[in-house]
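Colleague: Pasting a predicted model and its sequence here:
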Amino acid sequence: LSLTIVDVGIQSPENMGIVNIESEGVIGTGGQYQFLSTVKNYGGKTYSDVPVHFYLDGRKQKTEYISLMPGQENEISFFPPIENKGSHFITVEIGVDSLINDNKRYLSFEAINQIKVLVIDGEPKDGAFESETDYLMAAIGPSSQSLINANKISIGELTPDIKFSNYDVVILANIQSFGGNEKRLDELEKFVEKGGGLFIWVGEKVSFNDYNDWMFKLGLGFLPAEMEGKPIGDANKKDEIVYSFQNISQHRVWRYFHLNQKLMEDLKKCFVYRFMPVRTSEDSKVSILANYNDPQKRPAMLERRFGRGKVILSTTTLDKEWNNLHTDQYGHIFVIMMHEFIQYLVSRPAEENNVMVNMPIIKKYDFFISEAVLTPLQEVATRLNIQTLDQGKSYKISYMSTAKSGVYTLDLTVPPQVKEERPDIETKEYFCVNV
């Protein structure tokens, strides 16, 4: 038995294709946010003034023109006005050539009204910029109309009526304890597990033994690493012993710094006088974001994925006691860091709603769904099976027939009481399938 394969394709096909579409950071309503589309010339001839069309939710927004030499690729920026929160999709399309499969690409994304942040200050003081979180609040800005809206309280003001679930991100700054109320720690853990973001900053009040017991739990808790012992360094000898950041990872939280060489250089010049040593272990859910330049190259910042949420641990302080992040020389670094880190903590994985052809659409929800209907490419709607998980705490939908690229629309039905309890729930969602 013999097999002969004959190639009858075009000898040298001319082809331009859309390589990808990406957005930067969290997308908010009421503004214009950048989307980048990369277009490449795969062929051997030069293309001139090829139209590139941009659509938002299926409505054409603009057309740009691009010229590419053979083998060249280039990016085009697109700033659509985002008016409503919820699920949206971008379409980028170029003219038809001999290979049409890569002439159109899609990106699903979620827009939010605001990022609600709860800031808990473990060392409040009366003087200006003396409290643990004063510099943070200045970096975020006071406007309730901005993308980040922060509510600052002291640890003593964390009353039962303040619910973590009403916020997107919680920031703990030099918290000694929760006043013996372990139920609040359980609530915080559930908040992260369901998709919340948590940013932990240490300080003199932090007991490493307590944090290990409450939050690390021998690796089962949400703390990214085990605290080894008392802080290293002396904040009273700032001219003698200093540490700096090094090994800045390629993690997306640093993307803005990697794209701006001067900012990255300034970040590496910042000094830390004192920090909390931590011990890491082999854990696929933990990432070291940066190290110090001490002999052991100890972690400076770490992230842990916990459930659907994310936790970032800084081993130095949020105020000026253990570092110089708040000086006139490096204050801009701190401001950018806070905005980038907060936006990252609230961002949802883009891959959940963006898949390749023949890959399944799978999504989990932490609220009851009575019906889920998916409409592929404006064709016949399909009622999906809803799988109950975690003894009724979460629900999963799956759809396997994604052989065609395009936009798949999911409509959810939830009971009125669920909608009343969770008014933020979006019942329409877009999934994008690409080649």
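Modeller: Everything's here; your move. Note that the coordinates shown come from a computational prediction; the quantities given were computed from them, not determined experimentally.

Colleague: And the pLDDT at Arg255?
Modeller: You'll see Arg255 listed with a pLDDT of 88.

Colleague: my hunch is that it is in a helix, does that hold up?
Modeller: Yes: secondary structure assignment (DSSP: H, G, I helix; E, B strand; the rest coil) places Arg255 inside a helix.

Colleague: now it: how far from Gln343?
Modeller: Distance of Arg255 to Gln343, given as C-beta to C-beta, to the nearest Å: 11 Å. (Glycine included, C-beta is placed from N, CA and C.)

Colleague: do His251 as well
Modeller: Applying C-beta to C-beta, one obtains 13 Å for the distance of His251 from Gln343.

Colleague: So between those two, which is more surrounded?
Modeller: Set side by side, His251 and Gln343 show unequal neighbour counts under other C-beta atoms under 10 Å, the larger going to Gln343 at 21 against 15.

Colleague: For the helix or strand hosting that one, which residues meet the burial criterion?
Modeller: Element membership of Gln343, judged by DSSP states H and E, is helix 331-346. For helix 331-346, the buried set under the neighbour-count rule, 16 or more other C-beta atoms under 10 Å, comprises 333-346.

Colleague: before we move on, what about stretch 355-373?
Modeller: Along stretch 355-373, these residues count as buried under the neighbour rule (16+ other C-beta under 10 Å): Val355, Ile361, Lys363, Tyr365, Asp366, Phe367, Phe368, Ile369, Ala372.

Colleague: Just the ones of those residues in strands?
Modeller: Among the buried residues of stretch 355-373, the members falling in strands are Val355, Ile361, Lys363, Tyr365, Ala372 (criterion: DSSP state E).

Colleague: okay, and for the stretch 201-350 of the chain, where does confidence drop off?
Modeller: The model of the stretch 201-350 of the chain has pLDDT under 70 over residues 349.

Colleague: can you map out the helices along it?
Modeller: When assigned using DSSP state H, counting those that start in this stretch, the helices of the stretch 201-350 of the chain occupy the ranges 208-211, 255-258, 261-269, 331-346.

Colleague: So which elements touch the second one?
Modeller: In other words, helix 255-258. helix 261-269, helix 331-346 (3 or more C-beta pairs under 8 Å, 6 or more residues apart in numbering; DSSP states H and E).

Colleague: likewise the third one?
Modeller: Packing partners of helix 261-269 (3+ C-beta pairs under 8 Å, 6+ apart): strand 243-246, helix 255-258, helix 331-346.

Colleague: angle of it against helix 331-346?
Modeller: With axes from the mean of the first three to the mean of the last three C-alpha atoms, to 10 degrees as the basis, helix 261-269 and helix 331-346 are set at 100 degrees to each other.

Colleague: Which residues does helix 261-269 contact?
Modeller: Around helix 261-269, the neighbours that count as contacts under C-beta atoms under 8 Å, 6 or more residues apart in numbering are Ser244, Phe245, Gln246, Ile248, Tyr256, Phe257, His258, Tyr330, His332, Ile333, Ile336, Met337.

Colleague: tell me which residues of stretch 57-70 are tucked away?
Modeller: Using 16+ other C-beta under 10 Å as the test for burial, stretch 57-70 gives Ile66, Leu68.

Colleague: Give the rounded mean pLDDT of it.
Modeller: For stretch 57-70, the mean confidence score works out to 94.

Colleague: can I get the CA coordinates of it in CSV?
Modeller: Output for stretch 57-70, consisting of C-alpha atoms alone and laid out as CSV, is shown next (Å, rounded to 0.1, in the frame of the first residue of the first chain):
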residue,chain,number,x,y,z
ASP,A,57,-20.4,45.2,18.8
GLY,A,58,-20.9,44.7,15.1
ARG,A,59,-21.2,48.4,14.3
LYS,A,60,-18.5,50.0,12.1
GLN,A,61,-16.5,52.7,13.9
LYS,A,62,-13.7,53.6,11.6
THR,A,63,-11.4,52.6,8.7
GLU,A,64,-7.6,53.0,8.7
TYR,A,65,-5.2,52.3,5.8
ILE,A,66,-2.0,50.3,6.0
SER,A,67,1.0,49.6,3.7
LEU,A,68,3.3,46.7,4.3
MET,A,69,6.5,45.4,2.6
PRO,A,70,6.9,41.6,2.2
